[in-house]
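Student: Okay, here's the prediction I keep looking at, along with the sequence it came from:
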Amino acid sequence: MQRRTLMAAGATALLAPVSGMADGPVLPPELPDGTREIVRPANLPGKTRMLRLTDRPPNYATPTDVFADAITPNDRFFVRYHIDAVPPPPPIDDWVLTIGGDAAVQDIRLRWADLLDMPQIGVLAVCQCAGNRRGLAVPHVAGVQWGDGAMGCAEWRGPRLRDILLAARIKPGAVEVYAGGADAPPTPGPPAFRKSIPFAKAMDDDTIIALAMNGAPLPVLNGYPARLVVPGWTGTYWVKHLNSIEISATPLANFWMNTDGRVPAGLFPVQRPFASQATETTVPVTEMVVNSLIAEPVEGGEVERAGFRVGGVAWDRGTGIRRVEISLDGGGTWLDALLAPPLGPYAFRRFTLDSGFMRRGQYRLVSRATSNAGERQSEVLKANPGGYHNNVPRGISVTVI
């Protein structure tokens, strides 16, 4: 991809009026009434037909039907901010990424052109908010009441984070790598959004600084001009509008690491624990759990009794999907779905099932996935204060006519 093409496409206006659309959204019936009343379809700059949950900060979900495909288009990819301050896109020749820290031998500054001159790799990976499906938890918990749409799968392209860290030269004893973005609070008081990842994860082959998404520049609302991509981990670590990296011999201590985004220790399976941030009682939410979603037909839809296709996607932390089962009777009996060829360990894997002839009536369709690690979706909700990692098999209701 040519630098000039990336620059031209990335320099679009950010702040424009949000316009509503006439068609009402298809929402999970489990969402709380207050959320159902405020969710509206909307267009945003660079985004079409999204579902608005909040404007300040901007949180917009991808409609479920988009997940009938394994790759989520840029203009339908969800928007998630913790802080009510979306930075305007900088003049690309003025943008600088600083790299330093107490475990770096030297401080360096890299411009956008410098990153483009480094070896580029592409990684197909799911970016998912840890609070995806929070709005479906019973009892409900505080936070943005997401349905299924706080996620998407894209091809991310850019230099390896490892190559950038090596350019700063690393001292012995590095423990974590901190990432900071330009989306700072608009007023003094709220803590700036900074996250850290273990040094070993930062050095992974697939951990990159993305400059492009699905063959185009990052959308402004997805982190232009650069964002951290941490495949297999929840989106909270995928820091947008990246402008600083620190290599440190000490764990990052701030609100976003020590208070927010934590779960009871041992509640969820983790292949590579974040040991430097763990306590006896809680650990940070990190690796995604195995999950699946039916994207077609849609909730409340009508289908033909001659037969219809059940389709959707499944994903996990990066071991890959071994099996997806579909129930046409609300979980009473299960059938194996057909899996599409894998696109990569961190990507969505599509599944389909032909229902065959069905009698007229109401039906509850449910999917559940099993990973290559042998982990299957949880039959019961693993309750936690943040509503994280809701991977209970999801059902939708349809009418056979």
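Tutor: Great, that's in hand.
Student: Point out where the stretch 151-300 of the chain drops to low pLDDT.
Tutor: Across the stretch 151-300 of the chain, residues meeting the criterion (pLDDT under 70) sit at 186-187.
Student: can we see that at 90?
Tutor: Across the stretch 151-300 of the chain, the ranges flagged by pLDDT under 90 are 183-193.
Student: any chance you could map the strands in it?
Tutor: Using DSSP state E, counting those that start in this stretch, the strands of the stretch 151-300 of the chain run over 151-159, 176-181, 194-198, 208-210, 212-213, 216-217, 227-229, 242-248, 262-264, 282-284, 291-296.
Student: What of the stretch 301-401 of the chain?
Tutor: For the stretch 301-401 of the chain, the strands defined by DSSP E, counting those that start in this stretch cover 302-303, 309-315, 321-327, 335-336, 338-339, 349-354, 361-371, 395-400.
Student: what are the pairing partners of the last one, and which direction each?
Tutor: I take that to be strand 395-400. Strand partners for strand 395-400, identified by DSSP bridges, are recorded as strand 302-303 (parallel), strand 361-371 (antiparallel).
Student: neighbouring contacts of the first one?
Tutor: Just to be clear, that refers to strand 302-303. Residues external to strand 302-303 that are found in contact with it (Cβ atoms under 8 Å, 6 or more residues apart in numbering): 297, 355, 358, 398-401. Heads up, the C-betas are built off the backbone N, CA and C, glycines and all.
Student: thinking again about what came up before, mind putting the strands of the stretch 151-300 of the chain into a markdown table with mean neighbour count and distance to residue 81?
Tutor: Output for these, formatted as a markdown table (neighbours: other Cβ atoms under 10 Å; distance: least, Cβ to Cβ, whole Å):
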| stretch | mean neighbour count | distance to residue 81 |
| --- | --- | --- |
| strand 151-159 | 24 | 15 |
| strand 176-181 | 24 | 10 |
| strand 194-198 | 23 | 14 |
| strand 208-210 | 27 | 17 |
| strand 212-213 | 24 | 17 |
| strand 216-217 | 21 | 19 |
| strand 227-229 | 26 | 13 |
| strand 242-248 | 21 | 15 |
| strand 262-264 | 18 | 20 |
| strand 282-284 | 21 | 20 |
| strand 291-296 | 24 | 23 |
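Student: List just the one of the ones you listed that sits closest to residue 383.
Tutor: strand 262-264 (9.4 Å; Cβ to Cβ).
Student: So what touches that closest one?
Tutor: Under the criterion Cβ under 8 Å, 6+ apart, residues 281-285, 384, 386, 388-389 lie in contact with strand 262-264.
Student: Nearest to residue 204 among those residues?
Tutor: Nearest to residue 204 among those, with distances taken as Cβ to Cβ, is residue 284, at 17.2 Å.
Student: Contacts only, for the closest one.
Tutor: Residues near residue 284 by Cβ under 8 Å, 6+ apart: 257, 261-263, 274, 277-278.
Student: Can you select the buried ones from those in ChimeraX?
Tutor: Here is the ChimeraX command that selects the buried residues among the contacts of residue 284 (16 or more other Cβ atoms under 10 Å):
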select :257,261,262,263,274,277
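Student: of all the contacts of residue 284, which comes closest to residue 141?
Tutor: residue 263 (12.0 Å).
Student: What ranges does the stretch 101-250 of the chain have for its helices?
Tutor: Listed in chain order, the helices found in the stretch 101-250 of the chain under DSSP state H, counting those that start in this stretch are 112-117, 161-168, 199-202.
Student: buried set for the first one?
Tutor: With burial defined by 16+ other Cβ under 10 Å, the residues of helix 112-117 counted as buried are 112, 115-116.
Student: ditto for the shortest one
Tutor: Of the residues in helix 199-202, those with enough neighbours to count as buried (16+ other Cβ under 10 Å) are 199, 201-202.
Student: Stretch 390-401 now?
Tutor: Those would be 390-396, 398, 400, for stretch 390-401 by 16+ other Cβ under 10 Å.
Student: Export those to CSV and append columns for pLDDT.
Tutor: Below are the buried residues of stretch 390-401 laid out as CSV (pLDDT from 0 to 100):
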residue, pLDDT
390, 97
391, 98
392, 97
393, 97
394, 93
395, 94
396, 96
398, 97
400, 98
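Student: Throw those residues into TSV and include distance to residue 221, thanks.
Tutor: As requested, these are exported to TSV (distance: Cβ to Cβ, whole Å):
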residue	distance to residue 221
390	24
391	26
392	29
393	31
394	26
395	31
396	28
398	33
400	39
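Student: so which of these comes closest to residue 124?
Tutor: In terms of Cβ to Cβ, no member of the buried residues of stretch 390-401 lies closer to residue 124 than residue 391, at 20.8 Å.
Student: Who are the contact partners of the closest one?
Tutor: With contacts defined as Cβ under 8 Å, 6+ apart, the neighbours of residue 391 are 133, 289-291, 377-378.
Student: Next one: it from residue 146, what distance?
Tutor: Computed as Cβ to Cβ, to the nearest Å, the residue 391 to residue 146 distance reads 13 Å.
Student: ok, now residue 57?
Tutor: In this view, residue 57 and residue 146 are 14 Å apart by Cβ to Cβ.
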